[in-house]
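*Asks:* Have a look at this prediction, sequence included:
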Amino acid sequence: MLLTRALRGARTIVPLVVVGLVACSTRQVEVTRLVPQETTRIVEQEVTKEVIVEQEVTRIVEQLVETIVTATPAEAPPAEAVDPTLDRVGFPADYQEQFTIFYEFDRPDNGTARVIWANDLAASVTLEELMAASFAPGEPFPYGSILVMEVYRAVRNEDNSIQLDENGRFVRGELSGIFAMRKEPGFGVKYGSLRSGEWEYAAYRPDGTVLTPPERTTSCAACHLEAGQGRDWVFGWHRAFGVEPPTPGENQIILVDYTFVPGTLTVTVGAEVSWVSQDVVFHTATAAQDVLFSATLRPQGRSNFTFEEVGTFDYFCAIHPAMRGVVVVTN
Ligand code: HEC
Ligand SMILES: [Cu+2]
């Protein structure tokens with residue numbers, strides 16, 4: 001399943017990257033104010049807790065969304081107000097038998113491994129449909145689509161590094177949460193201006209009990225707004241089709257999958273270094289010393305900095321502090 005998707009995807013990698021750039025640059029979400037130090041402080045407090053990040057990030061997101069100017073999605077038809085405490089997603093008890101794996105993804109920033117499952121309706125979407133410039137209601141993910149994300153804690157070595165399997169993937173430990181999103185006509189109305197299309201969200205524990213009560217899932221919708229209407233609010237579909245990001249050019253650092261690539265870039269003094277985001281979420285490139293530079297990188301965004309002095313410059317992402325990189329400047 002995954003393999004056929006990857007093969008289907010491989011033929012269309014180049015056009016997709018181009019279309020992706022165009023589609024994402026027209027995204028309507030604008031971060032107007034981000035306070036890196038503040039975000040870092042909150043995030044650092046939160047990551048020390050061994051709880052699922054989505055829940056922990058809720059508060060940060062709620063702060064951030066105040067600063068995000070969003071255009072409410074035009075495509076969703078008007079719908080009746082619903083009780084925000086109502087769970088209309090439902091625990092998909094048999095997803096491991098009934099669904100197919102949509103994509104798998106390791107998160108280096110928080111040491112989790114994720115497996116995303118799609119029911120038949122969601123899995124029926126083609127790359128071409130996803131790449132279409134605009135979607136009508138019920139497109140490209142048809143009504144009845146359900147996506148489920150399992151979040152596993154990665155197994156760690158004694159030195160706290162993450163254990164990798166023979167394919168270089170994180171070894172999966174405890175399953176800590178099951179995150180589901182479901183698309184139906186009129187869904188999402190309870191999220192108000194933070195609505196992301198016609199999806200509603202729910203999170204459960206493996207035993208089916210509720211992890212995030214329905215009235216707190218507005219933060220799910222708000223964050224998925226970042227994925228944009230051009231992705232039908234689904235962050236990771238490019239991974240389902242095996243689409244690879246381009247490799248960095250000279251004096252360039254690409255942000256992808258919560259990683260700076262290359263991790264260490266060596267340049268000569270006077271070089272202008274660019275950070276280019278190929279990721280689907282916001283990041284920053286913030287100098288660790290002296291606040292020499294700090295840039296917020298929106299998905300598909302870019303930022304440049306000219307290094308006028310020889311030295312070793314550490315930097316990190318203020319939103320995901322475990323994301324780190326180094327620029328070495330030589331004569
Ligand atoms: C901080 C932002 C954020 C919040 C909050 C969030 N998500 Fe996500 N979600 C993501 C990102 C980014 C991905 C892509 C996979 C990854 O990077 O881990 C994702 C992936 C998913 C997926 C797989 C489909 C996809 O979009 O690729 C599901 C299902 C999902 N999230 C459900 C939820 C639910 C349910 C909640 C609330 C309980 C939630 N999410 C809250 C950012 C968020
Ligand atoms: Cu980041």
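*Replies:* Perfect, thanks for sending it. Ligands and ions are numbered 1, 2, ... in the order given.
*Asks:* Do a quick rundown of the helices in the stretch 51-200 of the chain.
*Replies:* Counting by DSSP state H, counting those that start in this stretch, one finds helices in the stretch 51-200 of the chain at the ranges 53-67, 95-98, 120-123, 127-131.
*Asks:* near ligand 1 at all, the third one?
*Replies:* By that I understand helix 120-123. No - applying C-beta under 6 Å from any ligand atom, one finds helix 120-123 separated from ligand 1 by no less than 9.1 Å. Every C-beta, even on glycine, is put in place using the N, C-alpha and C of the backbone.
*Asks:* near ligand 1, which residues of this structure show up?
*Replies:* 54, 57-58, 61, 105, 107, 114, 116, 147-149, 179-181, 201-203, 212, 217, 219-220, 223-224, 227, 234-236, 280-281.
*Asks:* how about the residues of the chain near ligand 2?
*Replies:* Listed as neighbours of ligand 2 in the chain under the rule C-beta under 5 Å from the ion: His283, Cys317, Ile319, His320, Met323.
*Asks:* let's see it at 6 Å
*Replies:* Tyr258, His283, Cys317, Ile319, His320, Met323 (C-beta under 6 Å from the ion).
*Asks:* The nearest residue to the first one once chain neighbours are set aside: what's it in contact with?
*Replies:* It refers to Tyr258. Of all residues not flanking Tyr258 in the chain, Asp109 sits nearest, at 4.2 Å (C-beta to C-beta, 6 or more residues apart in numbering). Asp109 makes contacts with Tyr258, Cys317, His320, Ala322, Met323, as judged by C-beta atoms under 8 Å, 6 or more residues apart in numbering.
*Asks:* what's near enough to touch the first one?
*Replies:* Tyr258 is in contact with Arg107, Pro108, Asp109, Asp279, Val281, His283, Cys317, His320, Met323, counting by C-beta under 8 Å, 6+ apart.
*Asks:* coming back round to it: distance-wise, check the residue nearest to Tyr258 relative to Glu80.
*Replies:* 39 Å (C-beta to C-beta, to the nearest Å).
*Asks:* Fine by me, we can end here.
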